[in-house]
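# mind looking at a prediction? Sequence and model below.
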Amino acid sequence: MKQLVKMEKRSSFMTPLSLSLFLLLIIIAALQLEASVPMKTIHYVNEWKTWSDAQQYCKENFTDLASGGYQREDLLNELVKNGDRSVWIGLYRDPGNASVWRWTGERGDASDDASWATTSEREMKNCTYLSFRKKTCPTLNVTSEANVTKDCKPSEYRGLYNAHCSESKLSYCSKGDQVQLETEAMSWYDAQESCNNKSMVLATVTQSNQHTFTAIGWTWIGLHIPPNTPGNYTSKDIWKWIGTDSQYNWGWGEPDHENCGVLRFPSNMLHSDSCSDRHRFMCFVDNVILVKENKTWEEALEHCRAIGSGDSSRHNHYRDHQYDLVSLQSEDDHRYARDKIQEATTNEVWTALRFLAGQWLWVDGEPQQYQNLPLCPAWGRHCGTLPKDHSTQWQIRDCMERRNFLCIKTPAG
């Protein structure tokens, strides 16, 4: 009888959620658990769109263009049924990254003194031209450079713009301080070859020397995004995934000069394609939420299970919750979650890993696959985290510590 009283007194200090955790193993065993929801859900869209229009559609109806998960057999079967050989995915050449732009000649890397007309001019086009527009001097009313006064020049510098390298334009060659205007219109690559034949290169333009370029109109210069060739920089430096993926499974000879990525079938390889082409496409829905609030493990569990539940005071923590603390099953799960938590304000985040009734488990009922978890963890250190770095897949921490956490959508959500 005394022993029973002691047990009742001890339990009086425990919250209802704490008591429920000790019954969770029994409940999980009794319930017929549904299949878990993946970290992200892929949706095939049977519409023909350009890459930018496809991305806009995905943002309006899902999360964004898909950046992974396209190996699912049901999706592949649907692609085959529709006769698709290429579908847009969330892979693109990143023109906003200054490191992708190169000058021809010795200078190489493009620096910030390359004066773009606007930052938005770094579009998905690989070659750059210089723009001057015609200007009338108010006093002499002349438009030829031969009759320029000291205070008036007939051409006004507008800045750098980019265009498709196949367009025809005049060009500037240079060698040292010498600058020469080529008056025959040609593509950027032909202009580059023409300059090289004169032992010159397409010109470099900076804030300090832009006054030496005065031709009215559009003229090619040496700023460009070079193709990926051996000895150049790798595709990973200039290609970027939407979302968190970081793997590049390029087809033979890829990526080419184009700026948007497609997935080709049946090879399941990545290829570059013109962003203005039209393809069907795949979107994804992100089912994981990073909560940047510092909570104890139980508070984090309660927070996740209250998402979308309305009145949290009446919320049932056992069933019908739309979100739960995240459980991590596969290598892809760990990679996706770890990429996502790089924006967390703590070095580790809570997961659904918990030590209860003498064993480790995921509180959402998923099978626990980790090896070498302590059989008898220190008092209080009964809760699992995922660290930002790649040193380990898990850490064991005191459940009363406070940190960020990941919630994932459940089948009920």
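Now that the structure is in, tell me what you want to look at. Residues are numbered from 1 along each chain as shown.
# quick one, grab the pLDDT at the residue lying closest to residue 401 once chain neighbours are set aside.
Using CB to CB, 6 or more residues apart in numbering and skipping residues adjacent in sequence, the residue nearest residue 401 is residue 296, 7.0 Å away. Just so you know, the C-beta spots here come from the backbone N, C-alpha and C atoms, and that holds for glycine as well. For residue 296, the pLDDT comes out at 97.
# now residue 296: how far from residue 391?
24 Å (CB to CB, to the nearest Å).
# more crowded one of those two?
Neighbour count, other CB atoms under 10 Å: between residue 296 and residue 391, residue 296 has more, with 17 against 7.
# what's the more buried one in contact with, if anything?
399, 400, 401, 402 (CB atoms under 8 Å, 6 or more residues apart in numbering).
# 10 Å instead?
Residue 296 is in contact with 302, 350, 383, 398, 399, 400, 401, 402, 403, 405, counting by CB atoms under 10 Å, 6 or more residues apart in numbering.
# ok, the closest residue to residue 387 other than its chain neighbours - how many residues close by?
Take residue 387 and drop its neighbours on the chain: the residue closest to it by CB to CB, 6+ apart is residue 348, 4.7 Å away. Applying other CB under 10 Å, we find 20 residues neighbouring residue 348.
# one more: residue 265?
Under the criterion other CB under 10 Å, the count of neighbours that residue 265 has is 16.
# was I right about it contacting residue 89?
No: taking contacts as CB atoms under 10 Å, residue 265 lies outside contact range of residue 89: 12.0 Å.
# outline the domain layout of the chain.
Listed by automatic domain parsing, the domain ranges of the chain are 2-38+287-409, 40-95+232-285, 98-224.
# separation between residue 379 and residue 249?
47 Å.
# show me the helices in the stretch 101-250 of the chain, by range?
188-197, 235-238 (DSSP state H, counting those that start in this stretch).
# can you say which of these is nearest to residue 285?
Residue 285 lies closest to helix 235-238 among those, at 26.0 Å (CB to CB).
# ok, back up a step: out of the helices of the stretch 101-250 of the chain, which gets the lowest mean score?
Among the helices of the stretch 101-250 of the chain, helix 235-238 scores lowest, at a mean of 54.
# about what we covered before: out of the contacts of residue 296, grab the one that's most surrounded.
residue 350 leads the contacts of residue 296 on contacts (other CB under 10 Å) with 33 neighbours.
# looks to me like residue 335 is in a helix.
Yes: assigned with DSSP: H, G, I helix; E, B strand; the rest coil, residue 335 falls within a helix.
# can you report how many residues neighbour it?
18.
# correct me, but it touches residue 341?
No: Residue 335 lies out of contact with residue 341 (CB under 10 Å); the separation is 11.2 Å.
# follow-up on the earlier one: so the residue nearest to residue 387 sits against residue 402, correct?
No: using CB under 10 Å, residue 348 makes no contact with residue 402, being 11.2 Å away.
# so where is this structure shaky, pLDDT-wise?
1-35, 68-81, 94-100, 105-125, 133-158, 215-216, 226-238, 243-247, 310-320, 412-413 (pLDDT under 70).
# would you mind measuring from residue 260 to residue 222?
25 Å.
# excluding chain neighbours, what is closest to residue 382?
Nearest non-adjacent residue to residue 382 (CB to CB, 6+ apart): residue 355, at 3.9 Å.
# now swap in residue 321 and tell me
residue 305 (4.0 Å).
# you'd agree that neighbour is in a strand?
No: Residue 305: not assigned to a strand; according to three-state DSSP it is helix.
# these two touch, right, it and residue 410?
Yes: counting by CB under 10 Å, residue 305 touches residue 410, with 8.8 Å between them.
# between the two, which one's more packed in?
Neighbours per residue (other CB under 10 Å) separate residue 305 from residue 410, with residue 305 holding more: 26 against 20.
# distance of that one relative to residue 290?
16 Å.
# may I ask which helix or strand encompasses residue 277?
Under DSSP states H and E, no helix or strand contains residue 277.
# what's the burial count for it?
Using other CB under 10 Å: residue 277 sits among 15 other residues.
# what sits against the closest residue to it other than its chain neighbours?
Spatial nearest neighbour of residue 277, excluding adjacent residues (CB to CB, 6+ apart): residue 50 at 7.0 Å. Residue 50 makes contact with 56, 88, 260, 274, 275, 276, 277, 278, 279, 281, according to CB under 10 Å, 6+ apart.
# measure the nearest residue to residue 43 once chain neighbours are set aside to residue 93 for me?
The shortest distance from residue 43 to any non-neighbouring residue, by CB to CB, 6+ apart, is to residue 283 (4.8 Å). Noted for residue 283: a distance of 20 Å to residue 93, by CB to CB.
# residue 212 contacts residue 205, doesn't it?
Yes: shown here, residue 212 and residue 205 form a contact pair, counting by CB under 10 Å, at 8.9 Å.
# in contact with the closest residue to residue 61 other than its chain neighbours, which residues?
Closest residue in space to residue 61, ignoring its immediate chain neighbours: residue 283 at 6.9 Å, by CB to CB, 6+ apart. When contacts are counted by CB under 10 Å, 6+ apart, residue 283 touches 41-45, 54-55, 57-66, 88-90.
# now a PyMOL select for only the buried ones of the residues you listed.
To isolate the buried subset of these in PyMOL, counting by 16 or more other CB atoms under 10 Å, use the following:
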select buried, resi 41+42+44+45+54+55+57+58+62+63+64+65+66+88+89+90
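# which ones among the contacts of residue 283 map onto strands?
41, 42, 43, 44, 45, 64, 65, 88, 89, 90 (DSSP state E).
# could I get those residues as CSV with distance to residue 181?
Compiled in CSV, these are given as follows (distance: CB to CB, whole Å):
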residue, distance to residue 181
41, 56
42, 52
43, 52
44, 52
45, 48
64, 45
65, 42
88, 41
89, 43
90, 42
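# out of these, what pair is the most spread apart?
41 and 88 (17.4 Å).
# how much space between residue 43 and residue 348?
32 Å.
# repeat for residue 199
59 Å.
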